[in-house]
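Chemist: Generate coordinates for the sequence data below:
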Amino acid sequence: MKIIDTKGHLCPEPLIMARNGLQKVAEGETIQIISDNETSWQNLMSFLSDLGANPVSKMEEGVYFIEATNPGKSAAKEATKPEAYCEVPGVEKQNGNYVVAVRSREMGEGDSELGGLLVRGYFNALKNMESIPTHILMYNSGIFHSLKGTDVAESLARLEDLGVSVIVCGTCVDFYQVKEKVAVGRISNMYQIATILAEAGHVVYL
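Modeler: Predicted coordinates:
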């Protein structure tokens, strides 16, 4: 049985991994999906049910094990978008001109390890979304996500390939003395960052 381990991944990654796993096995064949997150488990169960994969789950020591069967292809099933299962009801989707501003190494306040995990999960999800920003602005300690060897740099490179402009604060790069380590994005100045923020239709701050 093919095993898809989604532990540590945030929505929509587990759903995409499960869908891709089903596509790689024959019709009627079963795969097992592993999750360590209750929200991901709920999203997986809803998504797989709508796909017609007849998911069956059990939990052992805080880990969820789901078995799902490849139901074969159909137009309706192929049209199901994993991202839709991550949306919060009642929140209007932001389309068009929006910008993401990355201000620190962490997302939110609290545990630093969790904050770093959330940033990684955000950009992993963002690269798979239909509505992507026009720009990603990185300043202060947020610039560390653009450096070589970081978890976020690969996702940022993918977003650049999709047409997103990644702008890295030059003053910040010089302050932290990491210019030679910048792996993705274009080093620019605060005037350009301020201009982009002022002209953006909507700004998402991390």
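Chemist: K7 against D36, yeah?
Modeler: Yes. Using CB atoms under 8 Å, K7 is in contact with D36, at 4.3 Å. From N, CA and C alone the C-beta is placed, and that goes for glycine too.
Chemist: So for those two, which residues contact both of them?
Modeler: Common contacts of K7 and D36 (CB atoms under 8 Å, 6 or more residues apart in numbering): V63.
Chemist: A200: how many residues sit nearby?
Modeler: 18 (other CB atoms under 10 Å).
Chemist: Not counting its neighbours along the chain, what's nearest it?
Modeler: V99 (4.1 Å; CB to CB, 6 or more residues apart in numbering).
Chemist: so what's the one you found bridging to?
Modeler: H135, V203 (DSSP bridges).
Chemist: Could you report the separation of it from C86?
Modeler: V99 sits 21 Å away from C86, going by CB to CB, to the nearest Å.
Chemist: Tell me which helix or strand the residue most central in space within the chain sits in.
Modeler: The centroid of the chain falls nearest to A125 when counting by CA atoms, centre = their mean (1.6 Å). Under the criterion of DSSP states H and E, A125 resides in helix 112-126.
Chemist: any chance you could map the helices in this structure?
Modeler: Along the chain, counting by DSSP state H, helices occupy 13-23, 38-51, 75-78, 112-126, 151-161, 170-176, 190-199.
Chemist: could you dump the longest one to PDB, C-alpha only?
Modeler: Meaning helix 112-126. These are the backbone C-alpha positions of helix 112-126, laid out as PDB (Å, rounded to 0.1, in the frame of the first residue of the first chain):
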ATOM      1  CA  SER A 112       9.300  31.200  17.900                       C
ATOM      2  CA  GLU A 113       9.500  27.700  16.600                       C
ATOM      3  CA  LEU A 114       5.800  27.700  15.800                       C
ATOM      4  CA  GLY A 115       6.100  31.100  14.300                       C
ATOM      5  CA  GLY A 116       8.700  29.900  11.900                       C
ATOM      6  CA  LEU A 117       6.700  26.900  11.000                       C
ATOM      7  CA  LEU A 118       3.700  29.100  10.200                       C
ATOM      8  CA  VAL A 119       5.700  31.300   7.800                       C
ATOM      9  CA  ARG A 120       6.900  28.200   6.000                       C
ATOM     10  CA  GLY A 121       3.400  26.800   5.800                       C
ATOM     11  CA  TYR A 122       2.100  30.100   4.500                       C
ATOM     12  CA  PHE A 123       4.500  30.300   1.600                       C
ATOM     13  CA  ASN A 124       4.100  26.600   0.800                       C
ATOM     14  CA  ALA A 125       0.400  27.200   0.500                       C
ATOM     15  CA  LEU A 126       0.700  30.500  -1.300                       C
END
